[in-house]
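> 3D model of this:
(chains A, B and C)
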Amino acid sequence: MKESILLAYKKRPRAWILNLAIFIFIVVIFGASTPYIPYKGIQEKSINIAYSIIYGITQPDFSYFFDFSKGALPYLLLETIAIAFLGTLIGAVFALPFAFLSARNVVPKWMAHVGTFFIAVIRTFPAFVYGLMFIRVTGPGPFTGVLTLAVSGIGMTAKLFTESIEDLDMGIIEGLDASGCTTIQKIRYGIIPQLMSNFLSTTIYRFEINVKNASILGLVGAGGIGYPILAAMGAYRWKDAGTLLFGLIVVILVIDYFSGRLRKKLATGQ
Amino acid sequence: MVAWFKEVIFPSPLELANGKIVKPKRSPMVYVLPIIFVLILISMEITGFDFMVLVNRGYQFFVIIGRMIPPDLGFIPKVIQPMIETIMMSIVGTLVGAFFALPLAFLSSDNIIKNKVFLWVNRFVFSIFRTLPILIIALLAKYVFGLGSFAGTVAIALFTWLIMTKMLYELIETVDMGPFEAVESSGAGRLKAFWVSILPQILGQFISFILYNFEMNVRSASILGYVGAGGIGLLLNEKLGWRQYDKVSTILLTLLVTVYLIETLSRAIRKKLS
Amino acid sequence: MIEFKNVVKTYPGNVKALQGVSCQIQQGEFVAIIGLSGAGKSTFIRCINQMHTITSGEIIVNDENVTALKGNDLRHFRRKIGMVFQSFNLVKRTTVIKNVLTARVADMSLWKSLLGLYTKEDKILALTALDNVGILDKAYLRADTLSGGQAQRVALARCLAQKPDIILADEPVASLDPLTSQQVMEDFVKINKEFNITVVANMHHVDIAQKYAQRIIGIKAGKIVFDGPSQSLTNDDLTNIYGRSLQHDEIKGLE
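So this is what the prediction gives:
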């Protein structure tokens, strides 16, 4: 065999060392974590439960869908959607001032930093913390859910709004300025059209998320379908829980689909 | 005023200088705004929106905030243990979820799997599971595996598995298929071809996804404790229940700092990868 | 030996890519396929290793009926046929030697290929292949640092690492400048002579085909209209194959 080939073989980089190191590192992290996660073992009961849950979800009791009374499935789903709807709207409205106060092309730099920091603080609180706080204010029920979603939504909504504002094409506004528009006209014809579709898209996106959040808030007692699901599971009524979950899944799928199409239309087209 | 409304709802045709007549389209807002207004009213009715309650009791919210400041810093040592547990749950859950996401993504990519029926069914079934919020998954996990962080870890693993699969197959579908074709033409099966030609192309992004999901999961893991699935959420719930708001804010502060550190570290690693 | 017996390939939408093609290519020949774009050159080549399936007729390669192969048999069959592409098709982010080694995974067990456990023989084979095309020194560099000509040679080395009987080349030098094209074609010729590997190459550029291939097959509208030694190719033949005089992008411009 040629000398040069043997030489090249001997000079080969030993990549396996690095790979082994990474592998060991991951194993160590795993190993260090497992004491914190005690495995209680799968009892036979658990398999039954898992089976019942899946059975409940895949064989929903469709009669529930046609009970139009106040505590029943369709109403709960409607309530969940209504909570998300109002919460998103209110959150968006309140997010606006925060957004403008954090935009570097609108306010001085120091103020933008303050605004961003404030938004970051609001975002740290998990939604359910707001939920539990608001329950002290307005008691359990869907109204609390609305307020919770509104306040917890401000964070993400404001952040996305700010990004839209900072992406503004100032050239258009300069153009309007050059043709002698007043500030109000500049805002109305220059700024608002650009921002409108972005804000709308962000709001719809947040609505999607809030529908899921609204169902979770029910777990802390802030209305919507969450609490009935929790109650059904607590009473081991898996079929009921499964049916409720089924309804929730359908609602989320439908809303995700339409919101996706709407946002696509906003971005390209309309 | 009335004239303005009339013009918006029934826009009058314009005549151009060359005689052409143009009928402006009615703005969609004419339909959309009233509908939204009605929806708002309906929603207010359903949710029992009561403005007066807010006015009368709204100050309570700020009372609570007041009691959160200053946080009880002496409580920090008690927070560390659950915080570590939360982080560990996220690490294991994210890694396990990511590990299993790769094969599922392989089976869900339209440039690898040519059987359209299989692909459609696969994507449909999993998009249904993807709608479940992580807390609900955690709830289910709690009933199967009992209280504690194991259930939480399982929930995180399942949730990450679902999310990552989608992120991965969307990534795989953007990849350069040339090398894949080349290795296939040399007689290797699709799995081997994927492994040596596509995986190297997506590895950087894959790691980026893992870090991103890890970040998100640490935030969620703090919530999971609420349903008894371990971690810091349990402590949070407890302190909220006892109205010990100064301790609540300690917990939140620790969470804030932890998340910030992880985010910074993650951003640095991601930057180094690209 | 590669044998086409009255091969017909019709794409959906009634597009007739090959209309009754018959020919024989012996082991060790260097054949260039020329013709207009869309005349059927690419289809012809890709039917040999079943990258495209044929509608009717037979393709026999080394006593195996290509059309009937599937699954494991097909994969086994393909190991003996290497393929070089116009766009090189290297994995950009990995090293040259890793690219060449991908030719070995078809023969390895699943676990070993997933873990990248190539044997010493594999690595020596890959290095030898690189040496055969003259770029041993680039073995441990990343593939995206290479020039076009170097990349194509790595692709050729990748084929060599399969220890093939046949190498199919789909417009291998179309993306390269004239000087580099000639260097790469010389490598093809060298491999063809030294290892007696049959080379069947699609060529967009007629002058390259004439200079380096011993035999030329001209395809027009799915039919073979010329099949003979490259020296015997006349201008009339070319007009027949292309239906017009050659355009300037069909001549590479040899130096």
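> Show me which residues of the stretch 101-250 of chain B are close to chain C?
Residues of the stretch 101-250 of chain B found near chain C (Cβ under 8 Å from any Cβ of the partner chain) are B:176, B:178-179, B:181-183, B:185-189, B:191-193, B:195-197, B:200-201, B:203-204. To be clear about C-beta, it is placed using only N, CA and C from the backbone, and glycine gets the same treatment.
> Tell me the confidence at the residue lying closest to A:Leu149 once chain neighbours are set aside?
For A:Leu149, ignoring the flanking residues on the chain, the nearest one in space by Cβ to Cβ, 6 or more residues apart in numbering or on different chains is A:Gly87 at 2.8 Å. Looking at A:Gly87, its pLDDT reads 92.
> For stretch C:211-230, list every residue counted as buried.
C:211-213, C:215-220, C:222-226, C:230 (16 or more other Cβ atoms under 10 Å in any protein chain shown).
> what does stretch C:91-105 give?
Buried, per 16+ other Cβ under 10 Å, within stretch C:91-105: C:91-92, C:94-105.
> Where does pLDDT dip in chain C?
C:255 (pLDDT under 70).
> Could you do the stretch 1-150 of chain B as well?
Looking at the stretch 1-150 of chain B by pLDDT under 70, you get an empty list.
> so where do the helices sit in it?
Taking DSSP state H, counting those that start in this stretch as the criterion, the stretch 1-150 of chain B contains helices spanning B:2-9, B:29-47, B:51-57, B:59-68, B:76-106, B:116-129, B:134-145, B:149-172.
> what's the closest of those helices to C:Met203?
Minimum separation from C:Met203 across the helices of the stretch 1-150 of chain B (Cβ to Cβ) falls at helix B:149-172, 33.8 Å.
> How about that closest one and chain A, touching?
Yes: using Cβ under 8 Å from any Cβ, helix B:149-172 reaches chain A at B:149-150, B:153.
> Quick one: which of those is the most crowded by neighbours?
Neighbour counts for those peak at B:Thr153, which has 34 neighbours (criterion: other Cβ atoms under 10 Å in any protein chain shown).
> if I pick that residue, what's in contact with it?
Residues in contact with B:Thr153 (Cβ atoms under 8 Å, 6 or more residues apart in numbering or on different chains) are A:37, B:89, B:92-93, B:96, B:230.
> so how many other residues sit close to the nearest residue to C:Ala213 once chain neighbours are set aside?
Excluding its sequence neighbours, the residue lying closest to C:Ala213 (Cβ to Cβ, 6+ apart) is C:Ala32, at 3.5 Å. Neighbour count of C:Ala32, defined by other Cβ under 10 Å: 27.
> Tell me if C:Ala32 really is in a strand.
Yes: assignment of C:Ala32 by DSSP: H, G, I helix; E, B strand; the rest coil places it within a strand.
> which sections of the stretch 151-274 of chain B are below the confidence cut-off?
B:229, B:274.
> Show me the helices in it, by range?
For the stretch 151-274 of chain B, the helices defined by DSSP H, counting those that start in this stretch occupy B:178-185, B:190-193, B:199-224, B:232-241, B:245-273.
> tell me the most buried of those helices?
helix B:178-185 (a mean of 23; mean count of other Cβ atoms under 10 Å in any protein chain shown).
> contact partners of it?
Contacts of helix B:178-185 (Cβ under 8 Å, 6+ apart): B:111, B:190, B:192-194, B:196-198, B:201, C:49, C:51, C:78, C:81, C:83, C:85, C:87-91, C:99, C:102-103, C:105-106, C:155, C:158.
> Grab the most central residue of chain B for me.
The residue lying closest to the centre of chain B (Cα atoms, centre = their mean) is B:Met216, at 7.3 Å.
> can you tell me which of the contacts of helix B:178-185 are up against chain A?
Among those, no residue is within reach of chain A (Cβ under 8 Å from any Cβ).
> So which of the residues you listed sit within strands?
Among these, the members found in strands (DSSP state E) are C:81, C:83.
> now the buried residues of stretch C:91-105 in JSON lines, with distance to B:Ser27?
What follows is these, written out as JSON lines (distance: Cβ to Cβ, whole Å):
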{"residue": "C:Val91", "distance to B:Ser27": "53"}
{"residue": "C:Lys92", "distance to B:Ser27": "50"}
{"residue": "C:Thr94", "distance to B:Ser27": "56"}
{"residue": "C:Thr95", "distance to B:Ser27": "60"}
{"residue": "C:Val96", "distance to B:Ser27": "61"}
{"residue": "C:Ile97", "distance to B:Ser27": "64"}
{"residue": "C:Lys98", "distance to B:Ser27": "60"}
{"residue": "C:Asn99", "distance to B:Ser27": "58"}
{"residue": "C:Val100", "distance to B:Ser27": "63"}
{"residue": "C:Leu101", "distance to B:Ser27": "63"}
{"residue": "C:Thr102", "distance to B:Ser27": "59"}
{"residue": "C:Ala103", "distance to B:Ser27": "63"}
{"residue": "C:Arg104", "distance to B:Ser27": "66"}
{"residue": "C:Val105", "distance to B:Ser27": "61"}
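> Just these: which are in helices?
Those of these mapping onto helices are C:96-101, per DSSP state H.
> and which of those residues is nearest chain A?
Chain A lies nearest to C:Ile97 out of those, by Cβ to the nearest Cβ, at 7.5 Å.
> I'd like the distance between the closest one and C:Ala103.
Remark: distance between C:Ile97 and C:Ala103 (Cβ to Cβ, to the nearest Å) = 11 Å.
> B:Ser197 now?
Separation of B:Ser197 from C:Ala103 (Cβ to Cβ): 12 Å.
> what does B:Pro179 give?
Here the criterion is Cβ to Cβ. By it, B:Pro179 lies 12 Å from C:Ala103.
> Based on its surroundings, how many neighbours for the residue nearest to A:Lys212 when sequence neighbours are not counted?
Once flanking residues are discounted, A:Lys212 sits nearest to B:Pro133: 4.5 Å by Cβ to Cβ, 6+ apart. Using other Cβ under 10 Å, B:Pro133 has 22 neighbouring residues.
> ok, B:Pro133 to A:Ile53 distance?
Counting by Cβ to Cβ - B:Pro133 and A:Ile53 are separated by 15 Å.
> who are the neighbours in contact with the residue nearest to A:Leu149?
Applying Cβ under 8 Å, 6+ apart to A:Gly87 gives the contacts A:145-150, A:153, A:210, A:214.
> Among the residues you listed, name the ones in helices.
Judged by DSSP H, the contacts of A:Gly87 include A:145-150, A:153, A:210, A:214 as members of helices.
> Any chance of the residues you listed in CSV with pLDDT as columns?
CSV is the format used below for these (pLDDT from 0 to 100):
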residue, pLDDT
A:Gly145, 89
A:Val146, 91
A:Leu147, 90
A:Thr148, 91
A:Leu149, 92
A:Ala150, 92
A:Gly153, 89
A:Asn210, 91
A:Ala214, 88
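> Give me the buried entries from the residues you listed.
Looks like the ones in helices among the contacts of A:Gly87 have A:145-150, A:153, A:210, A:214 buried, using 16+ other Cβ under 10 Å.
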